[in-house]
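Asks: Any chance you can model this:
(one chain, ligands or ions: 2)
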Amino acid sequence: MTDAADTVVIEGGHVLTPDFEVREADVLIDRAAGEVIAVDDDLGGDETLDATDSLVMPGLVNAHTHVAMTLLRGYADDKPLDSWLQEDIWPVEAELTPEDIRVGTELGLVEFIKSGITGFADSYFEVPEIAAATEQSGLRANLCHAFISVGKDDEGARADAQEGLDIAREFDSAADGRITTALMPHSLTTVETEYLEEFVPQAREAGVPLHFHANETENEVDPIVDDHGVRPLEYADDLGMLTEDDFLAHCVHVDETEIDLLAETGASVIHCPASNMKLASGIAPIQELLDAGVNVGLGTDGAASNNDLDLFDEIRDAAMLGKLARGDARDVAAESAVRMATEGSASAIGLPVGELEAGGTADIAVVDFDAPHLTPVHDHVSHLAYAVRGSDVRHTICDGEILMEDREVKTLDEAAIREKASEHAADLVGRAE
Ligand SMILES: CSC[C@H]1O[C@@H](n2cnc3c(O)ncnc32)[C@H](O)[C@@H]1O
Ligand SMILES: [Zn+2]
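Replies: Ligands and ions are numbered 1, 2, ... in the order given. Have a look, this model is predicted:
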């Protein structure tokens with residue numbers, strides 16, 4: 001029997017159940033176990049979170065981001081991917097310090113918690129700083145060090161890839177198991193074949209998945225076809241880079257053969273609609289991927305190509321852009337888009353998903369519907385897709401721990417982080433000028 005001192009009851013709300021039904025009920029959580037004990041009427045607990053006029057739902061999972069890029073929010077806009085990276089982002093990233101990455105990460109984690117995100121997949125640099133901030137925040141994450149070989153000599157390229165593998169081994173199961181890892185070759189055009197051939201098998205031996213950018217722009221497709229005579233995902237498959245554990249960001253420019261390959265191998269796609277729109281990368285064929293049985297998760301990418309980390313914004317973008325893709329308003333319907341941001345993302349990156357039933361994972365967001373923009377409520381799921389904003393989230397719980405109560409973040413000092421982030425961002429940009 002659970003000790004009464006270890007329970008939290010989320011009281012008086014409507015609950016989104018795993019089958020996407022909505023019913024009035026309380027939710028009782030075992031804090032130590034990080035599990036849901038019961039979803040029922042009139043439950044009592046040691047602590048109470050008020051959910052009056054609120055929807056209790058699984059926490060959102062941001063399945064592709066570069067969280068420390070919050071420091072570069074608004075730094076360089078209105079450019080396509082290649083010139084944005086080469087002319088602006090990579091030069092300023094060369095000036096990043098480990099402390100910059102710690103502060104930028106903390107800022108992003110505050111934004112996550114305040115918008116109901118309980119898990120994320122990140123790829124960047126100085127991963128020990130990102131892991132330490134994640135551990136302190138109470139969130140779940142899949143982390144990786146991104147490596148690039150293009151532009152480096154063999155020694156430098158090999159050292160970068162080895163760091164990616166070492167980090168993947170070292171931090172897997174960190175933070176009491178809340179952190180898992182992956183190996184991230186940045187993309188199929190920025191990591192040369194010989195390094196993929198050498199390091200992908202080592203990731204398999206280490207039991208870590210692959211996370212990489214794929215087919216984001218046509219500039220990531222044509223060189224592979226020209227150099228290797230096959231489409232990028234066929235090239236990736238030939239290198240053993242497509243398995244059910246792997247997750248590919250973007251997949252905007254995929255053809256039918258590549259969609260079939262994703263379905264056959266079970267590799268997941270992480271859809272990043274805001275980033276794809278902002279960088280004018282294109283419109284990913286999401287409904288075709290879903291119809292083919294491909295698992296699709298949702299990601300914000302970095303805050304410098306979005307420019308917020310609000311996954312409710314991303315859900316709406318996915319639903320809206322998905323309809324434009326084929327000119328069919330039935331495509332990427334509300335429930336489909338919300339499922340992408342919860343169970344789709346979680347299964348893609350190997351994290352548990354919040355489940356509001358006895359024995360379920362206590363990763364939960366409580367969304368306050370008591371607002372003009374959420375009135376009336378004909379359909380809670382419709383509002384989640386087309387009207388809810390991250391700022392409507394009242395409480396955030398991860399692994400049974402209360403990370404935010406009534407919009408107050410408990411595990412990180414929001415005010416101090418915002419002040420430090422502004423200082424570090426100004427200094428960083430100053431060094432890059
Ligand atoms: C792979 S993580 C680190 C590396 O990737 C850069 N990056 C940020 N956003 C994107 C994107 O949409 N496509 C490709 N690369 C991206 C980031 O600035 C880091 O340099
Ligand atoms: Zn990215």
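Asks: Please make it C-alpha for all contacts and neighbour counts, starting now.
Replies: Fine.
Asks: Just the element for Val429, please.
Replies: In the assignment (DSSP states H and E), Val429 maps to helix 414-432.
Asks: Contacts made by that helix with the rest, please.
Replies: When contacts are taken as Cα atoms under 8 Å, 6 or more residues apart in numbering, the neighbours of helix 414-432 outside the stretch itself are 71-72, 91-92, 95-96, 100, 103-104, 106-107, 110.
Asks: Now which of the residues you listed would you call buried?
Replies: Buried by 16 or more other Cα atoms under 10 Å: 71-72, 92, 96, 100, 103-104, 106-107, 110, out of these.
Asks: filter those down to the ones close to ligand 1.
Replies: Filtering the buried ones among the contacts of helix 414-432 for proximity to ligand 1 by Cα under 6 Å from any ligand atom leaves nothing.
Asks: For these, could you give me TSV that also reports secondary structure and distance to Ser149?
Replies: Putting the buried ones among the contacts of helix 414-432 into TSV (DSSP: H, G, I helix; E, B strand; the rest coil; distance: Cα to Cα, whole Å) gives the following:
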residue	secondary structure	distance to Ser149
Leu71	helix	25
Leu72	helix	24
Val92	helix	19
Leu96	coil	19
Asp100	helix	24
Val103	helix	27
Gly104	helix	25
Glu106	helix	29
Leu107	helix	29
Val110	helix	33
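Asks: Looking at those residues, point me to the pair that's furthest apart.
Replies: The span of the buried ones among the contacts of helix 414-432, defined through Cα to Cα, is set by Val92 and Val110 at 23.3 Å.
Asks: Could you list everything Phe62 pairs with in the sheet?
Replies: Rather than Phe, residue 62 is Asn. In this entry, Asn62 is beta-bridged to Phe120, by DSSP bridges.
Asks: I'd say it and Gly302 touch.
Replies: No - taking Cα atoms under 8 Å as the contact criterion, Asn62 and Gly302 are not neighbours in contact, 10.7 Å apart.
Asks: contacting residues around Gly400?
Replies: For Gly400, the residues meeting the contact criterion (Cα under 8 Å, 6+ apart) are 29-35, 361-363.
Asks: Phi and psi next, for it.
Replies: Backbone torsions for Gly400, taken as degrees, to the nearest 10, come to phi 90, psi -10.
Asks: Please report how far it lies from ligand 1.
Replies: According to Cα to the nearest ligand atom, to the nearest Å, Gly400 stands 30 Å off from ligand 1.
Asks: Quick one: name the residues of the stretch 1-150 of the chain near ligand 1.
Replies: Taking Cα under 6 Å from any ligand atom as the criterion, the stretch 1-150 of the chain approaches ligand 1 at residues 89-90, 123-124, 146.
Asks: and if we set it to 5 Å?
Replies: Proximity of the stretch 1-150 of the chain to ligand 1 is assessed by Cα under 5 Å from any ligand atom, with 123-124, 146 identified as the residues in range.
Asks: out of those, which are inside strands?
Replies: 123-124, 146 (DSSP state E).
Asks: where does Glu433 land on pLDDT?
Replies: Reading off the confidence values, Glu433 has pLDDT 89.
Asks: Correct me if wrong, but Lys156 is in a helix.
Replies: I think there's a mix-up here, since residue 156 is Gly and not Lys. Yes - the assignment for Gly156, made by DSSP: H, G, I helix; E, B strand; the rest coil, places it in a helix.
Asks: How confident was the prediction at it?
Replies: Gly156 is assigned 98 on the pLDDT scale.
Asks: just to revisit the earlier point, which one of the residues of the stretch 1-150 of the chain next to ligand 1 has the most neighbours?
Replies: Greatest neighbour count in these, by other Cα atoms under 10 Å, goes to Ser123: 29 neighbours.
Asks: what sits against that residue?
Replies: By Cα under 8 Å, 6+ apart, the contact set of Ser123 is 64-66, 143-146, 184.
Asks: related to what we said a few turns ago, if we only consider the contacts of Gly400, which is nearest to His271?
Replies: For the contacts of Gly400, the minimum distance to His271 (Cα to Cα) is 21.8 Å, reached by Asp363.
Asks: just checking, the closest one touches Asp399?
Replies: Yes - with contact defined as Cα under 8 Å, Asp363 reaches Asp399; the gap is 5.5 Å.
Asks: which one of these two has more residues nearby?
Replies: Taking other Cα under 10 Å, Asp363 and Asp399 do not tie; Asp363 has more neighbours (32 against 25).
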